[in-house]
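> using only what follows, build the 3D model:
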Amino acid sequence: MAQGRAEALGEIHARPHLPVGPDRAIIQLAFLTEGGSPVDHAVLCDLSRQRGIAAPARDAQHVIMDWGAGKLRWERHTEFSTYLWDCPAPKEFGAPISNHPFGDQFKAPGSFVSGVRIEVRRDGGDMETYLDQFDKVSVTVSDLPSTKATVITDFRQDGDGLTRILIVDRGMSDRVRGALCQRLIDIETYRTLATLGLALARSQSPDIRRMEDRLTAITSDMKREVRESADELLSQVTSLAAELEASAALSLYRFGASRAYYAIVRERIAALGETAAPGHETLGSFLDKRLGPAMRTCQSMEERQASLSRKLSRATTLIRSWIDVELERQNSALLKSMNRRVKLQLRLQQTVEGLSVAAISYYVVGLFSYLAKTAEHEWPTVSASLLTGLFVPVAIISTWLVVRSIRKHHTVDDEDVD
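Predicted structure coming up:
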């Protein structure tokens, strides 16, 4: 708990804006960390050996080291890491920069996400000369009155795969330059990460469409009340639901991350406080028109998945209700059959009881006849046949009463058990 509290308190100071001096160039590369932190640590160890310094700790979240005329800064994020290097700006905007750490000796720690090259130059140059080096179709010009700067970019990549951004400095302090550069870097990095969900949404669209068509066919069969095939329909709906859940689980993190990254982009754009330069589009409006539809596509795919999941759930419930009704009907028929069997068993039991009374009475009368014959032998005036005949109804009634008593006793025991 103490360690978690320390991390929580230190998080707001984990990535401070570094001061940036005038006439500087900044290059940042962002990579997905599919291999985890050990891969980044290996790259940092290799860079440290090149500079002849100690390797950073394995649990480090950010590292700063001197590199040539500038500094190399590494940061670890949730699913990506960034390598930023600042140096003096070349004499001309867009000119090649040498002695940077991202040459042939640099080993990328993962898939390349985005790269940005920012140049900060003092005001005084010809603005049209700067604009001529950008694509006239997509160039954006944003005046930042509160920051005393103008930002120019076309969001296109140069020969090194870097998005070029020019900051015209009209009297910013080092801290303000650093904060502005960080905002622009965040906009470029997070807008690229946000669009990763678009490719996933496009790849899943045919599968979702196929599942929607299949569900339509199943519900059409259900409308025709094909109850005898309810088990088969339930199997098909369950299979579709499992496929949809697998697809949704695959895209859950990516779509959620895209929303979060897009929110960061919008926050960074709002923090710029930009105003439109005459005859040009602002950075924010450019991204809103191009990044907004991509995010709405991701949102639409999430909504389609959720809607299809609800429809599959309702179809499953309906089919199960058919199956439950059929099971109730079968159970009712089974109970009726068992009831008939119980009645037959009761009649058979009553018949057996009657025969049992007759059989037991017969044996009791037989035993009594032996006693009567003994009495006739001792007392000749006594008739054994008469005594036996008189005893017959007594034996039958007594036997019947005994059997009835035993049956009542069993009935009481059954009620106590229930």
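> what are the boundaries of the helices in the chain?
2-10, 37-51, 127-131, 174-194, 196-223, 230-272, 283-378, 384-417 (DSSP state H).
> how far away is residue 64 from residue 49?
17 Å (CB to CB, to the nearest Å). For glycine as for every other residue, the C-beta is placed from the backbone atoms N, C-alpha and C.
> also residue 399?
Counting by CB to CB, the gap from residue 399 to residue 49 is 110 Å.
> who has more neighbours out of these two?
Ranked by neighbour count (other CB atoms under 10 Å), residue 399 and residue 49 place residue 399 first, with 20 against 11.
> ok, residue 309 touching residue 242?
No. Using CB atoms under 8 Å, residue 309 makes no contact with residue 242, being 11.3 Å away.
> residue contacts, residue 283?
140, 142, 151, 153, 187, 269, 272, 274 (CB atoms under 8 Å, 6 or more residues apart in numbering).
> and for residue 389, the neighbour number?
Residue 389 has 13 nearby residues by other CB under 10 Å.
> just to revisit the earlier point, which one (most neighbours) among the contacts of residue 283?
Neighbour-wise, those (other CB under 10 Å) top out at residue 187, 28 neighbours.
> and the pLDDT for it?
Looking at residue 187, its pLDDT reads 95.
> how many neighbours does the residue lying closest to it once chain neighbours are set aside have?
Distance criterion CB to CB, 6 or more residues apart in numbering; nearest residue to residue 187, sequence neighbours excluded, is residue 268 at 4.9 Å. By the criterion of other CB under 10 Å, residue 268 has 21 neighbours.
> need the contact list for residue 268.
Counting by CB under 8 Å, 6+ apart, the residues that residue 268 touches are 183, 184, 186, 187, 190.
> and of those, the nearest to residue 44?
Checking these against residue 44 with CB to CB, the nearest one is residue 186 at 21.9 Å.
> isn't that closest one right next to residue 261, touching?
No. Using CB under 8 Å, residue 186 makes no contact with residue 261, being 9.6 Å away.
> biggest strand in the protein by residues?
With secondary structure taken from DSSP state E, the chain has its longest strand at strand 112-122.
> run through who's touching that strand.
Contacts of strand 112-122 (CB under 8 Å, 6+ apart): 20, 22-32, 80, 89, 93-94, 157-158, 160-169, 177, 181, 184-185, 188-189, 192-193.
> that one pairs with which strands, parallel or anti?
strand 24-32 (antiparallel), strand 163-169 (parallel) (DSSP bridges).
> angle of it against helix 174-194?
Angle, strand 112-122 to helix 174-194, by axes from the mean of the first three to the mean of the last three CA atoms, to 10 degrees: 150 degrees.
> use 40 as the first number for this chain going forward.
Okay, using 40 as the starting number, the last item reads as strand 151-161.
> report the buried residues of strand 151-161.
Residues 152, 153, 154, 155, 156, 157, 158, 159, 160 are the ones in strand 151-161 that count as buried (16 or more other CB atoms under 10 Å).
> can you redo those as CSV with distance to residue 368 and pLDDT?
Formatted as CSV, these follow (distance: CB to CB, whole Å; pLDDT from 0 to 100):
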residue, distance to residue 368, pLDDT
152, 61, 92
153, 64, 93
154, 69, 94
155, 69, 95
156, 75, 95
157, 75, 95
158, 80, 94
159, 81, 94
160, 84, 92
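> take these and write them to a markdown table, including distance to residue 256.
Shown next, in a markdown table, are the buried residues of strand 151-161 (distance: CB to CB, whole Å):
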| residue | distance to residue 256 |
| --- | --- |
| 152 | 41 |
| 153 | 43 |
| 154 | 48 |
| 155 | 49 |
| 156 | 53 |
| 157 | 55 |
| 158 | 59 |
| 159 | 61 |
| 160 | 63 |
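> and the strands paired with strand 151-161 as TSV, adding mean neighbour count?
As requested, those are arranged in TSV below (neighbours: other CB atoms under 10 Å):
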stretch	mean neighbour count
strand 63-71	22
strand 202-208	23
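> closest to residue 379 out of those?
strand 63-71 (71.9 Å).
> now tell me what touches the closest one from outside.
Contacts for strand 63-71 (CB under 8 Å, 6+ apart): 59, 109, 118-129, 136, 139, 141, 147-159, 201, 216, 220, 224, 228, 231-232.
> try 6 Å
With CB atoms under 6 Å, 6 or more residues apart in numbering as the test, strand 63-71 has contacts from 119-126, 128, 136, 147-159, 220, 224, 228.
> now swap in stretch 286-303 and tell me
So stretch 286-303 is contacted by 229, 232, 233, 236, 239, 243, 334, 337, 341, 344 (CB under 6 Å, 6+ apart).
> switch the cut-off to 10 Å
117-118, 225-226, 228-240, 242-243, 246-247, 250, 326, 330-331, 333-334, 336-338, 340-341, 344-345, 347-348 (CB atoms under 10 Å, 6 or more residues apart in numbering).
> name only those of those that count as buried.
225-226, 228-237, 239-240, 243, 247, 250, 326, 330, 333-334, 336-338, 340-341, 344, 347.
> which of the contacts of residue 322 lies closest to residue 447?
Scanning the contacts of residue 322 for proximity to residue 447, where the rule is CB to CB, the winner is residue 308, at 91.5 Å.
> next, work out how far apart that closest one and residue 318 are.
Per CB to CB, residue 308 is found 20 Å from residue 318.
> next one: residue 293
38 Å.
> what does residue 419 give?
From residue 419 to residue 318 the distance is 152 Å (CB to CB).
> same deal with residue 113?
40 Å.
> quick one: which of those two has more around it?
residue 113 (22 against 6).
> mind pulling up the pLDDT for that one?
92.
> so who does the closest residue to it other than its chain neighbours touch?
Nearest residue to residue 113, sequence neighbours excluded (CB to CB, 6+ apart): residue 102, at 4.5 Å. For residue 102, the contacting residues are 79-80, 83, 86-87, 94-96, 111-115, 122, by CB under 10 Å, 6+ apart.
> would you mind listing which of those residues are buried?
79, 80, 83, 86, 95, 111, 112, 113, 114, 115, 122.
> what's the closest of those to residue 445?
residue 115 (86.7 Å).
> mind checking how far that closest one is from residue 323?
29 Å.
> what does residue 365 give?
61 Å.
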